[in-house]
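**Student:** pasting the sequence and the predicted coordinates here, then a few questions.
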Amino acid sequence: MIRARRARIVATLGPASRGASKIQELAVAGADVFRVNFSHGAHDDHARAIEAVRKAEAAVGRPLAVLADLQGPKLRLGEFADGVVRLTAGHHLRLDLKSAPGDASRIGVPHPEVFAALRTGARVLLDDGKVRLRVVKHGANFADTVVEAGEQLSDHKGLNLPGLAIPIPALTVKDRADLAFALKEGVDWVALSFVQRASDMAELRSLVQGRANVLAKIEKPSALDALDEILDLSQAIMVARGDLGVELAPEEVPVVQKQLVRAARLRGIPVVVATQMLESMTHSPTPTRAEASDVAGAVYEGADALMLSAESAVGEYPVEAVSMMDRIITRVERDPRWPELMRAEYPVEDADADALVAAARRAAEAASTACLAAFTTTGQTALRLARERPLQPTLGLTPSLATARKLALAWGVEPRVVAELYDPEDLARVALEQAVQSGLADPGQRVLILAGLPMGSPGAANILRIAHAPLR
């Protein structure tokens, strides 16, 4: 199964989509990566879903990736005695560490780190910003606030502190247990939520120890201040516009999205744009025009992948949502101006290997070129080629199934598992066989081959060859 598009689709699994037959339907409809959200569901549910993805992979004949998304340190209010309170602008509300049920005058916040981070005049956002507070006085175990907007609060609503770095570990006790389970199940990617600093990703990598690839979810504005350092330790990033949009002004989110997509592309690591892309399809068989334009905008920016959340996890039309995203991406990529707009922020060639890869992309522009073939052990050669955004498909040929699944997230790469090669003379034969079998090359068309010597050793690509598919 070859995708007719370059940008990839991440589908979140949930009650609406965890069944084996439904997952296979989603894969056929266009899903390349399946997200397992550890904010919801039990380990048994996730284990069955992962097993179903592996069965779907065998059925559709293309590598599919599993992304384990850790919950992270979600900050929440305690409980109210009556379950809910009414608020008005100017209302005074105390936040404290007490465990007693709250009322209209106070509510517990069981996170001492919150009070350590607060400042007089700081904003406190509750329930995804529906309630806005301003701190007028604070101490080590309390904060007196005044309500600036909002009418109602109920139990366990989320809490955000925009503009403040919270001294809280990125990995909670729950996250560590979920991570151990996910690695045991053999997931391909692990996403860390609420990354604030490079040390968060360093801690994750020390726990993963190369058993999966690591992705940083950028959903805290404080992460933008340490973006370069975070990118140094990440193999992919996600523009997590949900929480990011709570702490940033709405007009800032599109700008930050472009900044993050550009930064990841320059690094040559995959970037996923997520949250509310086709939100209305949670309950509607068709998206709004604005949502279709939002998806298209991410494709024009050159994002590697776009993600569906509630649409595929709990929505009434999960397969239709994946199919619709596939259609929008495919249509954008047929736009004659798409390559020009996508390449407006073109990566800088900063190494000999990148120069060779850039040369491959330029050589591929010849009309007789059918596709490119990148032989790769770790996936880096294929990712370098994806960074150049060649318009022809790229076969990512690897002896490692884990690497092939990793590349399911990469722009324009068609991953395939092949036997390990040791003789450079086998490169052309295997590349042409795969290109013809995949339907990417017709007899007489040329295939550009990128590889590295010595064969089978991870390292920079240092060979660029041209081969022609034999005439029948």
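**Tutor:** Cool, the structure landed.

**Student:** for the helix or strand bottoming out on mean pLDDT in the chain, which helices and strands make contact with it?
**Tutor:** For the chain, using mean pLDDT, DSSP states H and E, the weakest element among its helices and strands is helix 352-363, scoring a mean of 81. Secondary-structure packing of helix 352-363 (3 or more C-beta pairs under 8 Å, 6 or more residues apart in numbering; DSSP states H and E): helix 380-387, strand 446-451, strand 463-468. All C-beta spots, glycine's among them, are computed from the backbone N, C-alpha and C.

**Student:** direction included, what does the last one pair up with?
**Tutor:** What it means is strand 463-468. Within its sheet, strand 463-468 is paired with strand 446-451 (antiparallel), according to DSSP bridges.

**Student:** ok and the strand it pairs with relative to helix 352-363, angle-wise?
**Tutor:** Computed by axes from the mean of the first three to the mean of the last three C-alpha atoms, to 10 degrees, the angle separating strand 446-451 from helix 352-363 equals 170 degrees.

**Student:** now do strand 446-451 against helix 380-387, angle only.
**Tutor:** Counting by the same axes, to 10 degrees, strand 446-451 lies at 130 degrees to helix 380-387.

**Student:** got the buried residues for the least confident helix or strand of the chain?
**Tutor:** By 16 or more other C-beta atoms under 10 Å, the buried positions in helix 352-363 come out as 353, 354, 356, 357, 358, 360, 361.

**Student:** deepest of the helices and strands packed on helix 352-363, which one?
**Tutor:** Among those, ranked by average contacts under mean count of other C-beta atoms under 10 Å, first place goes to helix 380-387 (a mean of 26).

**Student:** residues making contact with that one?
**Tutor:** 265, 268-270, 304, 347, 353-354, 357, 360-361, 372, 374-376, 394, 396, 398, 407, 410-413, 415, 450-452, 458, 460-461 (C-beta atoms under 8 Å, 6 or more residues apart in numbering).

**Student:** can you flag the buried ones in these?
**Tutor:** 265, 268-270, 304, 347, 353-354, 357, 360-361, 372, 374-376, 394, 396, 398, 407, 410-413, 415, 450-452, 461.

**Student:** do you have the strands of the stretch 301-450 of the chain handy? List them.
**Tutor:** Using DSSP state E, counting those that start in this stretch, the strands of the stretch 301-450 of the chain run over 305-308, 369-375, 394-398, 413-417, 446-451.

**Student:** and the first one, average pLDDT?
**Tutor:** Confidence over strand 305-308 (mean pLDDT, whole number) is 98.

**Student:** show me what that strand pairs with in its sheet, parallel or antiparallel.
**Tutor:** Checking strand 305-308 against DSSP bridges gives partners strand 8-13 (parallel), strand 271-274 (parallel).

**Student:** need the ones you listed in a markdown table (columns: mean neighbour count).
**Tutor:** Output for the strands paired with strand 305-308, formatted as a markdown table (neighbours: other C-beta atoms under 10 Å):
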| stretch | mean neighbour count |
| --- | --- |
| strand 8-13 | 28 |
| strand 271-274 | 26 |
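
**Student:** out of the ones you listed, which comes closest to residue 236?
**Tutor:** strand 271-274 (6.8 Å; C-beta to C-beta).

**Student:** before we move on, the earlier item: tabulate the helices and strands packed on helix 352-363 (CSV), appending mean pLDDT.
**Tutor:** Formatted as CSV, the helices and strands packed on helix 352-363 follow (pLDDT from 0 to 100):
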stretch, mean pLDDT
helix 380-387, 93
strand 446-451, 93
strand 463-468, 90
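
**Student:** okay, the ones you listed in JSON lines with distance to residue 61 next?
**Tutor:** As requested, the helices and strands packed on helix 352-363 are arranged in JSON lines below (distance: least, C-beta to C-beta, whole Å):
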{"stretch": "helix 380-387", "distance to residue 61": "19"}
{"stretch": "strand 446-451", "distance to residue 61": "21"}
{"stretch": "strand 463-468", "distance to residue 61": "24"}
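
**Student:** compare these and report which one is nearest to residue 101.
**Tutor:** Nearest to residue 101, of the helices and strands packed on helix 352-363 and by C-beta to C-beta, is helix 380-387 at 51.7 Å.

**Student:** may I have the closest one as CSV, with CA atoms only?
**Tutor:** Provided in CSV are the C-alpha atoms of helix 380-387 (Å, rounded to 0.1, in the frame of the first residue of the first chain):
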residue,chain,number,x,y,z
GLN,A,380,18.7,9.2,9.6
THR,A,381,19.4,9.0,5.9
ALA,A,382,15.7,8.9,5.0
LEU,A,383,15.0,11.7,7.5
ARG,A,384,17.7,13.9,5.9
LEU,A,385,16.1,13.3,2.5
ALA,A,386,12.7,14.1,3.9
ARG,A,387,14.1,17.3,5.2
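
**Student:** can you give me how far that helix is from the chain middle?
**Tutor:** 17 Å (C-alpha atoms, centre = their mean, to the nearest Å).

**Student:** report the angle between that helix and strand 394-398.
**Tutor:** Using the same axes, to 10 degrees: helix 380-387 against strand 394-398 is 170 degrees.

**Student:** which helix in the chain runs the most residues?
**Tutor:** Using DSSP state H to define each element, the chain has its longest helix at helix 43-60.

**Student:** so which elements touch that one?
**Tutor:** In terms of contacts (3+ C-beta pairs under 8 Å, 6+ apart), helix 43-60 is packed against helix 20-29, strand 33-37, helix 173-184.

**Student:** what comes up buried for that helix?
**Tutor:** If you call a residue buried by 16+ other C-beta under 10 Å, then helix 43-60 has these buried ones: 46, 49, 50, 52, 53, 54, 56, 57, 59.

**Student:** repeat for stretch 96-115
**Tutor:** Buried-residue list, stretch 96-115, by 16+ other C-beta under 10 Å: 96, 98, 102, 106, 107, 108, 109, 111, 114, 115.
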